[in-house]
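>>> Give me the fold of what follows.
(one chain, ligands or ions: 1)
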Amino acid sequence: MSSLKDRKEYKITLVKNCKLDRWRLQSIKTGTEDRQREKLKATLEYFGKLDLYPELEKQILETPNEIELSSDIERLAQQLKEDIPDYINENDNVKFQITELIFLPLPNADGYCLNQDTAGNQLDGYIVCLNEGLWICSQLLGKAFVLENMQGDFAEFKSSGSDCFELAISHFLTPRGSNANEVFFGHLPPQIDGAATAAQSSVAIIILQFVTLHEIGHIARGDFSLMNTYSFHIANSNKNEIEYSHIEQYWEAEYNADIFAIKSICEHSKADINRWANFITIWILFEWLIEVERKNGKPICNLHPPPSLRLKNLKTWMNINYPPASDALLYIEITHNIINNWKNP
Ligand SMILES: [Zn+2]
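I've put the predicted structure just below:
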């Protein structure tokens with residue numbers, strides 16, 4: 001039995017074909033300090049947290065002009081680690097507490113979970129690896145969706161999110177540091193920018209929570225044979241994904257992990273309209289994945305069901321468990337049209 005405490009040592013050597021060289025992500029601070037202040041105020045107002053303004057305002061001056069995103073990603077992992085216990089039951093939380101959540105530059109997956117170390121020894125816990133490129137992609141998807149949904153006072157800023165959706169696809173297949181700056185709205189007045197950024201980050205966070213909860217679903221359900229199979233991702237493993245001829249062997253486990261994730265998110269929401277708003281975010285994630293695979297010309301991972309089938313399964317589950325009322329139906333129709341436009345620009 002190997003201890004999870006060693007995980008930092010093999011963090012980098014853990015993954016086969018790490019794309020580290022292409023993933024040095026930097027973000028450049030844009031706009032004047034006054035603009036940043038106004039934007040921050042609007043973001044906090046969106047979340048109803050204006051009381052945090054005095055403290056966060058100080059950070060505007062302290063933030064360097066160029067930020068290494070890896071520190072942001074560390075913070076993100078920490079935030080997820082703190083948030084997830086609210087979404088799962090006590091039993092599953094016991095398992096989650098012995099799970100390490102790490103973002104890595106994965107070459108061929110959104111995420112997966114392991115229960116062994118690089119030498120093939122059983123761990124005393126679990127490791128959930130998430131693709132750090134997802135952070136950029138989910139923010140680009142959030143931006144694309146927010147641009148299309150500018151309404152009321154914001155209506156004059158409504159524009160097509162098609163280019164942003166395309167960028168999220170190409171970033172997953174060919175990550176570029178420069179895309180890290182494309183997540184910003186930039187062109188909007190600061191108050192609008194602040195609210196739009198807040199809405200965008202809500203989308204991005206739901207996407208990451210869904211992917212994380214999917215992996216926790218495997219842990220909660222004890223999908224050990226699947227975890228063992230996924231060890232082909234480990235750098236010095238002599239296993240190869242191609243060897244798995246029964247590619248449908250784990251589809252049922254994958255569908256169940258998806259349902260675990262959506263169920264956790266829905267049970268955490270207080271009203272059906274919020275459940276559907278969250279589901280729509282996940283729907284966009286799968287439409288993106290469908291396009292990623294289409295552009296890639298082959299599945300990102302042989303062992304997963306096609307994203308179109310996973311999406312269908314999730315939609316069926318939502319319709320049975322939370323039949324959409326008229327407000328949700330309208331939201332669904334708007335999203336349908338947006339996605340159609342993105343796919344057929
Ligand atoms: Zn899975």
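>>> contacts and neighbour counts: CA atoms only from here.
Fine.
>>> in the biggest strand by length in the chain, what counts as buried?
Secondary structure assigned by DSSP state E gives strand 122-131 as the longest strand of the chain. For strand 122-131, the neighbour count (16 or more other CA atoms under 10 Å) marks 122-123, 125-131 as buried.
>>> Could you list the low-pLDDT ranges of the protein?
Residues of the chain meeting the criterion pLDDT under 70: 1-31, 60-61, 63-72, 107-108, 231-247.
>>> still on that earlier bit, tabulate the buried residues of strand 122-131 (TSV), appending distance to I169.
Putting the buried residues of strand 122-131 into TSV (distance: CA to CA, whole Å) gives the following:
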residue	distance to I169
Q122	36
L123	34
G125	33
Y126	29
I127	26
V128	23
C129	20
L130	17
N131	14
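>>> can you tell me which of these lies nearest to N274?
Proximity of these to N274, judged by CA to CA, is greatest for L130, which lies at 25.5 Å.
>>> which stretches of this protein form strands?
26-28, 66-68, 99-104, 111-116, 122-131.
>>> Redo those as a markdown table? Include distance to F154.
Formatted as a markdown table, the strands of the chain follow (distance: least, CA to CA, whole Å):
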| stretch | distance to F154 |
| --- | --- |
| strand 26-28 | 26 |
| strand 66-68 | 30 |
| strand 99-104 | 35 |
| strand 111-116 | 35 |
| strand 122-131 | 33 |
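>>> ok, back up a step: tell me the angle the longest strand of the chain makes with strand 111-116.
Put simply, strand 122-131 runs at 160 degrees to strand 111-116, going by axes from the mean of the first three to the mean of the last three CA atoms, to 10 degrees.
>>> what distance separates strand 122-131 from the middle of the whole chain?
18 Å (CA atoms, centre = their mean, to the nearest Å).
>>> what about the helices in the stretch 151-300 of the chain?
Remark: helices assigned in the stretch 151-300 of the chain by DSSP state H, counting those that start in this stretch are 162-173, 190-221, 224-229, 251-268, 272-296.
>>> what's the closest of these to F96?
helix 190-221 (7.1 Å).
>>> In that closest one, which residues are buried?
Buried residues in helix 190-221 (16+ other CA under 10 Å): 190-220.
>>> what does stretch 75-82 give?
Neighbour counts over stretch 75-82 (16+ other CA under 10 Å) mark 76-77, 80-81 as buried.
>>> next one: stretch 274-281
Buried-residue list, stretch 274-281, by 16+ other CA under 10 Å: 275-276, 278-281.
>>> Quick one: distance of it to the chain centre.
Centroid displacement of stretch 274-281 relative to its chain, using CA atoms, centre = their mean, is 14 Å.
>>> do stretch 131-142 as well
The answer for stretch 131-142 is 6 Å, by CA atoms, centre = their mean.
>>> Over to stretch 329-336?
Distance of stretch 329-336 from the chain centroid (CA atoms, centre = their mean) equals 22 Å.
>>> Also stretch 90-105?
Using CA atoms, centre = their mean, the offset of stretch 90-105 from its chain centre is 16 Å.
>>> start to end distance for that stretch?
31 Å (CA to CA, to the nearest Å).
>>> buried set for that stretch?
92-93, 96, 99-105.
>>> Among those, which one sits closest to S178?
Using CA to CA, those come closest to S178 at P105, 15.8 Å.
>>> The closest one against L134, yeah?
No - under the criterion of CA atoms under 8 Å, P105 is not in contact with L134, lying 9.3 Å apart.
>>> quick one: contacts for A168?
Residues near A168 by CA atoms under 8 Å, 6 or more residues apart in numbering: 136-138, 140-141, 288.
>>> Any figure for the gap between it and F157?
From A168 to F157 the distance is 21 Å (CA to CA).
>>> Dump the buried residues of stretch 75-82 into CSV; add distance to P54 as well.
Formatted as CSV, the buried residues of stretch 75-82 follow (distance: CA to CA, whole Å):
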residue, distance to P54
L76, 22
A77, 25
L80, 25
K81, 26
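>>> Count the neighbours of G186 for me.
The number of residues packed near G186 is 12, by other CA atoms under 10 Å.
>>> mind checking how far it is from A261?
Taking CA to CA, one finds G186 at 33 Å from A261.
>>> returning to that earlier point: could I get the helices of the stretch 151-300 of the chain as TSV with distance to H304?
What follows is the helices of the stretch 151-300 of the chain, written out as TSV (distance: least, CA to CA, whole Å):
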stretch	distance to H304
helix 162-173	17
helix 190-221	12
helix 224-229	11
helix 251-268	6
helix 272-296	12
